[in-house]
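[1] Give me a model of this one.
(4 chains)
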Protein chains: 2
Amino acid sequence: MAVDRSHVLTAAAALLARRPTSSMDEIARAAGIGRATLHRHFAGRDALIRALEQLGIEQLTRAMDAARLGEGDAPAALRRLIAETEPVAGVLAFLFTENQLFEGAEINEGWNRLDARIHTLFRRGQEEGDFRIDLGAAWLTEALYGLIGAGAWAVHDGRVARNDVTHSIAELLLGGARRSMEK
Amino acid sequence: MAVDRSHVLTAAAALLARRPTSSMDEIARAAGIGRATLHRHFAGRDALIRALEQLGIEQLTRAMDAARLGEGDAPAALRRLIAETEPVAGVLAFLFTENQLFEGAEINEGWNRLDARIHTLFRRGQEEGDFRIDLGAAWLTEALYGLIGAGAWAVHDGRVARNDVTHSIAELLLGGARRSMEK
DNA sequence: CTTGAGTGAGACATCATCGTCTCATTCGGT
DNA sequence: ACCGAATGAGACGATGATGTCTCACTCAAG
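    Numbers count the residues shown, from 1 in each chain, chains lettered A, B, ... in the order given. I've put the predicted structure just below:
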């Protein structure tokens, strides 16, 4: 009887990742509950989005934990991060564009923490000589987000196979498009 | 007296690139005209967006022409393309997310032509041995769009300097984050 | 069986935006 | 200077989404 809040959020995330403009009614139906019940659990659309944001932050945090960003060399850690991120890429892509839309609203502090961890990873790679230093760690972080989003959209639209996307993002981000001479 | 259609579109593009959810009233005021006049020139919001899309396609087409994608080696052509694209990156980022939102609507044929030209460029680079072949040309095209969008947003939010963004996109896309051994 | 909490369906008012219309005003060409 | 086309401001109704409310129903615990 009691609605599973986590299940509702998961369904909402899945729907909004596909169609970011879905109405509260559509979200409720996608979760298999009534619109009134949805409002009982989330004060409004804003509250739902914020809860979804919190979920995304937690999922990305867990992905980072699982990727063990501090272990091994930075490129390997980055590969693990991208692989761990793949299941939540759709939600992340939605949240990124959503954050882009609300220019006025203050950004959830959780994102800053996540940014900082990725930023630290890139900087470590630079200090250890694995990453080039002529590209700023801030830009590499942005690029990672951008490629994750591009990958999620490309998969959603069928332009890239789901099985390839993790490898494609990691290879492009690490090695670039240019054919390397070293191997 | 007569409203400059091109000027209105430019103003709308600049505003929507910053705030994609702007209302018709805000767009009109941003263009320095009344809402009624805006409706006289564009049948509705959809028509305005479509006109904006057409403008973006034309601008990107001109950027491609100016970049002379067929001349020189593919990496150099890609650099020229990114450089030529920079002034319209904001509008392109808006149109990409907008296309993402309208899943049902048919995609403007113009995008396919542009996609094909970029696709051809990447494929040429692969055939000439400049680009790696283990990453599909389709993915490289998506990645280029993603990085252009990420760059535009990063600049807009002040996380990356505008002067650096062209170089950052080109270097990352071509060479990747990994420090190269070959030079 | 009884009871109460939780739910689904729907009604309802509110709100923002859209698209259309009118009317007075202004600008440019003649 | 005159006249017509174009504009700005605002009113108006329509529309869609939102948030709140009521009411009947269901389910599970006691």
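[2] State the distance from the residue positioned nearest the centre of chain A to residue A:138.
    Compute the mean C-alpha point of chain A, and by Cα atoms, centre = their mean the closest residue is residue A:92, 3.0 Å away. In this view, residue A:92 and residue A:138 are 18 Å apart by Cβ to Cβ, to the nearest Å. (C-beta placed from N, C-alpha, C; glycine too.)
[3] how about the helices of chain A, start to end?
    For chain A, the helices defined by DSSP state H cover A:5-18, A:24-31, A:35-41, A:45-67, A:74-85, A:89-101, A:109-127, A:137-156, A:162-175.
[4] Burial-wise, tell me which of those comes out on top.
    Most buried of the helices of chain A, by mean neighbour count (mean count of other Cβ atoms under 10 Å in any protein chain shown): helix A:137-156, with a mean of 24.
[5] contacting residues for the residue nearest to the centre of chain A?
    Contact partners of residue A:92, counting by Cβ atoms under 8 Å, 6 or more residues apart in numbering or on different chains, are A:56, A:60, A:85, A:145, A:148, A:149, A:152.
[6] at 6 Å what do you get?
    Neighbour list for residue A:92: empty [criterion: Cβ atoms under 6 Å, 6 or more residues apart in numbering or on different chains].
[7] swap in the one 5 residues further on?
    Residues counted as contacts of residue A:97 (Cβ under 6 Å, 6+ apart) are residue B:97.
[8] From residue A:146, how far off is it?
    11 Å.
[9] Over to residue A:111?
    Taking Cβ to Cβ, one finds residue A:111 at 15 Å from residue A:146.
[10] How about residue A:35?
    Taking Cβ to Cβ, one finds residue A:35 at 35 Å from residue A:146.
[11] Check the contact between residue A:85 and residue A:63; I expect there is one.
    Yes - Residue A:85 lies in contact with residue A:63 (Cβ atoms under 6 Å); the separation is 5.1 Å.
[12] Give me the spatial nearest neighbour of residue A:165, chain neighbours excluded.
    Nearest residue to residue A:165, sequence neighbours excluded (Cβ to Cβ, 6 or more residues apart in numbering or on different chains): residue A:151, at 4.4 Å.
[13] Assess the claim that the one you found and residue A:171 are in contact.
    No - in this structure, residue A:151 is not within contact of residue A:171 by Cβ under 6 Å, at 11.7 Å.
[14] and the closest residue to residue A:132 other than its chain neighbours, backbone torsions?
    In space, and not counting its chain neighbours, residue A:132 is closest to residue B:179: 4.7 Å by Cβ to Cβ, 6+ apart. Note on residue B:179: backbone dihedrals following degrees, to the nearest 10 are phi -70, psi 130.
[15] So residue B:179 is in contact with residue A:135, correct?
    No - with contact defined as Cβ under 6 Å, residue B:179 does not count as touching residue A:135 (10.2 Å).
[16] Which one of these two is surrounded by more residues?
    residue A:135 (21 against 16; other Cβ atoms under 10 Å in any protein chain shown).
[17] For that one, give me its contacts.
    B:168, B:171.
[18] quick one on the thing from earlier: roughly how far does the residue nearest to the centre of chain A sit from residue A:61?
    To residue A:61, residue A:92 is 12 Å away according to Cβ to Cβ.
[19] Look at the nearest residue to residue A:146 once chain neighbours are set aside and report its pLDDT.
    For residue A:146, ignoring the flanking residues on the chain, the nearest one in space by Cβ to Cβ, 6+ apart is residue B:150 at 2.7 Å. The score at residue B:150 is 96. That number is its pLDDT.
[20] Over to residue A:115?
    We have a pLDDT of 96 for residue A:115.
[21] Next one: residue A:44 from chain B, what distance?
    Separation of residue A:44 from chain B (Cβ to the nearest Cβ, to the nearest Å): 17 Å.
[22] count of neighbours near that residue?
    Using other Cβ under 10 Å, residue A:44 has 11 neighbouring residues.
[23] and chain A, what are its domains?
    With domains defined by automatic domain parsing, chain A comprises A:1-42, A:54-175.
[24] I'd like to know which of these is closest to residue B:11.
    domain A:54-175 (17.7 Å; Cβ to Cβ).
[25] Next, the distance between the ends of that closest one.
    33 Å (Cα to Cα, to the nearest Å).
[26] Could you tell me which residues of chain A lie near DNA strand C?
    For chain A, the residues in contact with DNA strand C (Cβ under 7 Å from any atom of the strand) are A:1, A:2, A:3, A:32, A:33, A:34, A:35, A:36, A:37, A:40, A:41.
[27] I'd like these laid out as JSON lines, including pLDDT and distance to chain B.
    Output for those, formatted as JSON lines (pLDDT from 0 to 100; distance: Cβ to the nearest Cβ, whole Å):
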{"residue": "A:1", "pLDDT": "61", "distance to chain B": "34"}
{"residue": "A:2", "pLDDT": "72", "distance to chain B": "33"}
{"residue": "A:3", "pLDDT": "76", "distance to chain B": "28"}
{"residue": "A:32", "pLDDT": "95", "distance to chain B": "22"}
{"residue": "A:33", "pLDDT": "95", "distance to chain B": "24"}
{"residue": "A:34", "pLDDT": "94", "distance to chain B": "25"}
{"residue": "A:35", "pLDDT": "96", "distance to chain B": "22"}
{"residue": "A:36", "pLDDT": "95", "distance to chain B": "27"}
{"residue": "A:37", "pLDDT": "96", "distance to chain B": "27"}
{"residue": "A:40", "pLDDT": "95", "distance to chain B": "27"}
{"residue": "A:41", "pLDDT": "96", "distance to chain B": "26"}
